[in-house]
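**Q** let me see the structure of the following:
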Amino acid sequence: MSNIDKVIAVLKHLELSPKVKCKQDYCGRFFTQKTVFLAQALGIDLNYVFSLYIAGPYSRGLAIDYYANADKVEVLNSNYILTADETIILDRIKNCSKLYESMSLLEATTAAVYIKQSNPEISEDDLFAVLKDLKPKLTEYDRLIGIQKSKYLLFKPEYLTEEIKQELAAWENID
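**A** I've put the predicted structure just below:
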């Protein structure tokens, strides 16, 4: 199986149908780049090299692959079967509320994930400042919500101790 077959399976699971051939439809390529970055950042082995670019994480290799296989990508034609672990990762992305409703929010979230992975010890305040410097066109709201969404996506369930679960439950029960 090629990388693009796995990419198509990822897009299909997330119910995304990108139009990559249409030069005027930037959204399809944008969503593909950001989705594949998130899937890879969260643990799906896709072997693309991403760098932080104008609109967030970008992989030239991925662009080459989806242009070369545009017909397959646009009809989501892949025989790749996602593993249980891959499905769990993709469900985490799918359950990240309203992530795909705004290109700027998706850009802020993926840029925050990229920065956090490059510098795991960065404080939330410093992350916000870096995002503001790198992405001045994004609103403060998108930056703040993007950071919150990046924390949700990067959270490792094994960190959720019984003590933390009890505290979260107590907060949820406050009227």
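**Q** so Lys21 sits right up against Glu74, yeah?
**A** Yes. Taking contacts as C-beta atoms under 8 Å, Lys21 lies within contact range of Glu74: 6.6 Å. From N, CA and C alone the C-beta is placed, and that goes for glycine too.
**Q** quick check: end-to-end length of stretch 115-125?
**A** By C-alpha to C-alpha, to the nearest Å, the extent of stretch 115-125 from end to end equals 13 Å.
**Q** ok, back up a step: who has more neighbours out of Lys21 and Glu74?
**A** Neighbours per residue (other C-beta atoms under 10 Å) separate Lys21 from Glu74, with Glu74 holding more: 18 against 14.
**Q** check contacts around Val20.
**A** Gly28, Arg29, Thr32, Tyr66, Tyr67, Ala70, Val73, Glu74 (C-beta atoms under 8 Å, 6 or more residues apart in numbering).
**Q** so which strand or helix has it?
**A** Assigned by DSSP states H and E, Val20 belongs to no helix or strand.
**Q** what of Tyr48?
**A** Secondary structure from DSSP H and E places Tyr48 outside every helix and strand.
**Q** contact partners for the nearest residue to it once chain neighbours are set aside?
**A** Once flanking residues are discounted, Tyr48 sits nearest to Ser59: 4.1 Å by C-beta to C-beta, 6 or more residues apart in numbering. With contacts defined as C-beta under 8 Å, 6+ apart, Ser59 is in contact with Gln33, Val36, Phe37, Tyr48, Val49, Phe50, Ser51.
**Q** for this protein, just list every one of the helices.
**A** 3-13, 26-41, 60-68, 70-74, 84-94, 103-118, 124-134, 140-154, 162-172 (DSSP state H).
**Q** comparing the ones you listed by mean pLDDT, which bottoms out?
**A** If you rank the helices of the chain by mean pLDDT, helix 162-172 sits at the bottom with a mean of 66.
**Q** what distance separates the start and the end of stretch 132-146?
**A** Start-to-end, stretch 132-146 (C-alpha to C-alpha) is 12 Å.
**Q** quick one, phi/psi of the residue nearest to Tyr48?
**A** The phi and psi torsions at Ser59 (degrees, to the nearest 10) take the values phi -120, psi 120.
**Q** do Ser17 as well
**A** Phi and psi for Ser17, reported as degrees, to the nearest 10, are phi -130, psi 80.
**Q** check contacts around it.
**A** Leu11, Gly28, Glu74, Leu76.
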